[in-house]
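> here's a sequence, model it:
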Amino acid sequence: MKRASLSAAAPWITFVVGIAIVAVVLQALNSAAERSDGLRLDAAADSLYARIETQIQAQLSLLRATHAFIETSVATPSLDAFRAYVDGLALRERYRGMQGLGYIALVPAQAVPATERELEAIYRRDDLRIRPPRPTADTLSPVVYLEPSDARNEGVIGFDMLSEPTRQEAMARAAASSEQAMTGFLTLMQPDPETNRHQPGFLIFQAVRRPGPDGAPAVTGFAFAPFRAAEFFSAAIGPLGTAEVSMEIFEGPPANGKLLFRAGEEIAFQGTAYADKVLAVGGRVWTFRFRPQSEFLRESSAAYLPYVGLLGLLLAGALAYLSWQQGSGQRAAEREAKLLRAASEEKDLLLREMKHRIKNVIARVQAIARQTTRNAASLPDFQSSFDARLGAMAKTYDLLTESQWTGALLEDVLKSELTSIVGHTDVTYETAGPSVMLAAREVLALGLVFHELTTNALKYGALSQDSGALRVGWEVAVNPAGRRLHVEWIEDFAEPVQDQGKSGFGSRLIDMAIVRELDGRVERDFGSRRLRVTIELPLVGTGE
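Numbers count the residues shown, from 1 in each chain. I've put the predicted structure just below:
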């Protein structure tokens with residue numbers, strides 16, 4: 001039983017083990033793919049980061065050169081000199097994102113009117129004022145130069161940078177050191193020429209120092225450069241439509257949520273994989289977060305894992321199917337072998353049963369022959385009686401053969417004998433009783449008994465008289481000892497019949513069949529007008 005259960009479970013065990021192996025392999029491949037993708041993402045991020053850093057450093061170097069140009073001049077350069085310097089740099093073509101290079105002067109409050117007149121003279125305008133007004137301020141910082149000259153940059157001339165806190169904080173840091181200082185994210189003064197809307201960006205300052213009255217260097221102004229964020233970063237990284245990674249730039253840690261710039265596929269920003277790079281610029285920290293885009297994911301080895309998993313699932317299923325086929329073949333072979341053994345055993349049983357039955361038939365025929373010989377008056381008489389009794393045996397054997405020797409109904413056995421003997425005469429009879437299945441041994445014995453009683457009734461009893469009557473009834477009684485069959489054979493005579501006074505072969509045959517073979521009993525009650533034969537025996541058949 002355990003072996004059969006294990007054989008039946010083998011395909012499922014094979015399938016589960018196969019799935020487990022596939023899962024382990026997929027996990028290992030996924031880990032390897034994640035490591036590979038991480039390295040690829042780092043490489044792509046490094047490439048973009050290097051381009052941005054190079055762009056920033058180039059523009060910071062340009063601002064340092066401008067600072068040196070101003071600071072090393074004997075006096076503040078004139079507008080024409082400063083303009084010629086900036087025009088030679090070709091900012092708009094070579095340094096995209098930088099809106100210009102400029103100079104901011106520190107002006108004491110009492111010198112504001114004179115500075116405004118100077119600006120009007122330089123720019124040939126009579127409406128230039130330092131703005132916004134700050135009557136209580138000791139020092140103002142108007143924009144004096146911002147080149148290249150265009151409508152946007154000219155609109156900034158005279159703007160007091162110290163009037164705005166973000167710019168003021170960066171200028172204070174620049175004044176406190178010799179390094180450049182960058183503002184936080186802010187809205188630029190220059191509007192976009194196409195939309196006329198002010199754009200987000202940042203400014204970088206570097207303090208200009210000249211000898212003061214005591215000979216010590218003192219801050220007299222600032223070289224500065226304004227940057228439009230979107231244009232600056234877009235120019236640095238180029239188009240990202242087909243790039244492998246998207247990019248976000250934050251001021252400080254990404255958790256602060258101060259997003260400066262974003263470029264790439266929108267769906268890429270929903271992913272969980274990313275690589276961070278940090279860059280310090282002008283005293284502030286930018287965090288660059290790079291995420292994989294569709295092109296990156298298409299080239300990832302992880303994209304093939306579903307196909308590997310499907311192939312592994314198919315292989316596991318194929319192995320399970322082969323295991324099932326093998327198990328089915330083995331079970332079929334075992335069933336075939338079992339059937340062959342059963343058939344062989346059944347054949348041996350049938351042979352033994354046939355041998356036993358043939359011996360019984362021969363013994364019964366010999367007994368009938370001996371008894372018939374003793375009671376026959378002549379050879380024709382012997383032949384007639386012997387043939388009739390053998391015929392009765394043959395009928396019961398036919399009934400048993402039809403049921404494959406499982407038995408026969410009592411009513412069928414009785415009617416078979418009555419029909420064969422009196423079926424072609426005008427004699428009538430009655431039968432009544434429940435359906436009773438007899439075993440083979442009971443069928444053979446009662447077949448001979450009914451044959452003898454019917455033959456005797458036709459020769460000497462009720463069936464030999466025109467008005468005679470035959471009734472056969474039976475019932476089954478059930479008691480603790482088992483089931484018992486009770487049969488009554490009743491012949492009513494139209495004319496008185498005398499008892500023969502002797503027991504012939506038929507009576508002995510009935511006694512032999514009922515008493516000896518079936519362990520029953522037979523009672524005969526003979527009168528001049530009626531014969532009652534009562535038969536009682538234990539039943540071993542299957543019943544109703």
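> could you use CA atoms for every contact and neighbour count after this?
Noted.
> so V478 sits in a helix?
No: read with DSSP: H, G, I helix; E, B strand; the rest coil, V478 is strand and lies in no helix.
> burial check on it, number of neighbours?
Neighbourhood size, V478 [other CA atoms under 10 Å]: 9.
> cool, A75 as well?
Count around A75 with other CA under 10 Å applied: 9.
> just the C-alphas of stretch 154-165, formatted as CSV.
This file holds the C-alpha atoms of stretch 154-165, laid out as CSV (Å, rounded to 0.1, in the frame of the first residue of the first chain):
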residue,chain,number,x,y,z
GLU,A,154,18.7,95.2,-19.1
GLY,A,155,15.6,94.8,-17.0
VAL,A,156,17.7,93.7,-14.1
ILE,A,157,20.0,96.7,-14.1
GLY,A,158,19.6,98.7,-10.8
PHE,A,159,18.0,95.8,-8.9
ASP,A,160,19.2,95.7,-5.3
MET,A,161,20.3,92.1,-4.6
LEU,A,162,20.4,92.7,-0.9
SER,A,163,16.7,93.3,-0.9
GLU,A,164,15.9,89.6,-1.3
PRO,A,165,16.8,87.2,1.6
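> now do it: everything it contacts.
For stretch 154-165, the external contacting residues (CA atoms under 8 Å, 6 or more residues apart in numbering) are 119, 128-132, 134, 140-146, 167-168, 171, 189-190.
> same question, stretch 290-308
Stretch 290-308 is contacted from outside by 26, 29-30, 33-34, 37, 41, 45, 242-248, 264-265, 268-269, 271, 273-276, using CA under 8 Å, 6+ apart.
> quick check on the contacts of stretch 154-165: which are buried?
Among the contacts of stretch 154-165, the ones that count as buried by 16 or more other CA atoms under 10 Å are 119, 128-131, 140-146, 167-168, 171, 189-190.
> give me the subset of the contacts of stretch 154-165 lying in helices.
Among the contacts of stretch 154-165, the ones falling in helices (DSSP state H) are 119, 167-168, 171.
> could you double-check that G184 sits in contact with F202?
Yes: counting by CA atoms under 8 Å, G184 touches F202, with 6.3 Å between them.
> strands along the stretch 351-500 of the chain, start to end?
Applying DSSP state E, counting those that start in this stretch to the stretch 351-500 of the chain gives strands spanning 408-409, 429-432, 437-438, 469-479, 482-492.
> for the stretch 1-150 of the chain, that is, sorry about that
Going by DSSP E, counting those that start in this stretch, the stretch 1-150 of the chain shows strands at 101-105, 107-108, 139-140, 143-147.
> lowest confidence element among the helices and strands of this protein?
Ranked by mean pLDDT, DSSP states H and E, the weakest helix or strand in the chain is helix 379-402, scoring a mean of 67.
> where does the stretch 251-400 of the chain dip in pLDDT?
For the stretch 251-400 of the chain, the stretches with pLDDT under 70 are 257, 300-304, 346-347, 349-377, 381, 384-400.
> rerun that using 80 as the cut-off
256-257, 266-271, 294-305, 307-309, 312, 316, 320, 323, 326-332, 342-400 (pLDDT under 80).
> what of the stretch 1-150 of the chain?
Looking at the stretch 1-150 of the chain by pLDDT under 80, you get 1-11, 18, 26, 30, 33-34, 37.
> now the stretch 401-544 of the chain
401-406, 420-428, 498-506, 540-544.
> quick check: domain ranges of the protein?
73-235, 388-538 (automatic domain parsing).
> which one, of those, ends up nearest to L62?
Ranking the domains of the chain by proximity to L62 (CA to CA) places domain 73-235 first, at 8.9 Å.
> H198: how many residues sit nearby?
Neighbours of H198 (other CA under 10 Å): 14.
> quick one, phi psi at it?
Torsion angles at H198 (phi, psi; degrees, to the nearest 10) stand at phi -70, psi 140.
> and it, how far from H486?
Applying CA to CA, to the nearest Å, the value for H198 to H486 is 122 Å.
> and P380, how many neighbours does it have?
10.
> pretty sure R529 sits against I490.
No: counting by CA under 8 Å, R529 stays clear of I490, with 10.6 Å between them.
> more neighbours, the two?
I490 (20 against 16).
> separation between the more buried one and G317?
77 Å.
> what of V16?
In this structure, V16 and G317 are 9 Å apart, going by CA to CA.
> which residues touch E523?
The contact partners of E523, by CA under 8 Å, 6+ apart, come to 533-535.
> so which of the residues you listed sit within helices?
Counting by DSSP H, no part of the contacts of E523 is found in helices.
> tell me which of these is nearest to E231?
Of these, the one sitting nearest to E231 (CA to CA) turns out to be I535, at 123.1 Å.
> my guess is that closest one meets I490, correct?
No: in this structure, I535 is not within contact of I490 by CA under 8 Å, at 11.4 Å.
> and for D127, the neighbour number?
D127, neighbours per other CA under 10 Å, totals 10.
> next one: S177
Per other CA under 10 Å, the neighbour tally for S177 reads 11.
> for it, helix, strand, or coil?
When classified by three-state DSSP, S177 comes out as coil.
> tell me who's in contact with it.
A207.
> give me the distance between it and F205.
For S177, the distance to F205 (CA to CA) stands at 11 Å.
> again with L62
Relative to F205, and taking CA to CA, L62 is found at 12 Å.
> what of N256?
Plainly put, N256 is 25 Å away from F205 if you go by CA to CA.
> of these two, who's got more company?
Set N256 next to F205 and count neighbours by other CA under 10 Å: F205 wins out with 31 against 9.
> for the helix or strand harbouring that one, packing partners?
For F205, the host element (DSSP states H and E) is strand 198-211. When contacts are defined as 3 or more CA pairs under 8 Å, 6 or more residues apart in numbering; DSSP states H and E, strand 198-211 packs onto helix 2-71, helix 165-175, strand 181-182, strand 186-191, strand 217-228, helix 229-237.
> now that strand: buried residues?
199-210.
> between that strand and helix 2-71, how many degrees?
50 degrees (axes from the mean of the first three to the mean of the last three CA atoms, to 10 degrees).
> average model confidence for strand 198-211?
Taken as a whole, strand 198-211 carries a mean pLDDT of 91.
> from the middle of its chain, how far away would it be?
Here strand 198-211 is found 63 Å from its chain centre; the criterion is CA atoms, centre = their mean, to the nearest Å.
> sheet partners, orientation included, of that strand?
Strand 198-211 has the following strand partners under DSSP bridges: strand 181-182 (antiparallel), strand 186-191 (antiparallel), strand 217-228 (antiparallel).
> most packed of these?
When the strands paired with strand 198-211 are scored by mean count of other CA atoms under 10 Å, the highest mean neighbour count falls to strand 181-182 (a mean of 26).
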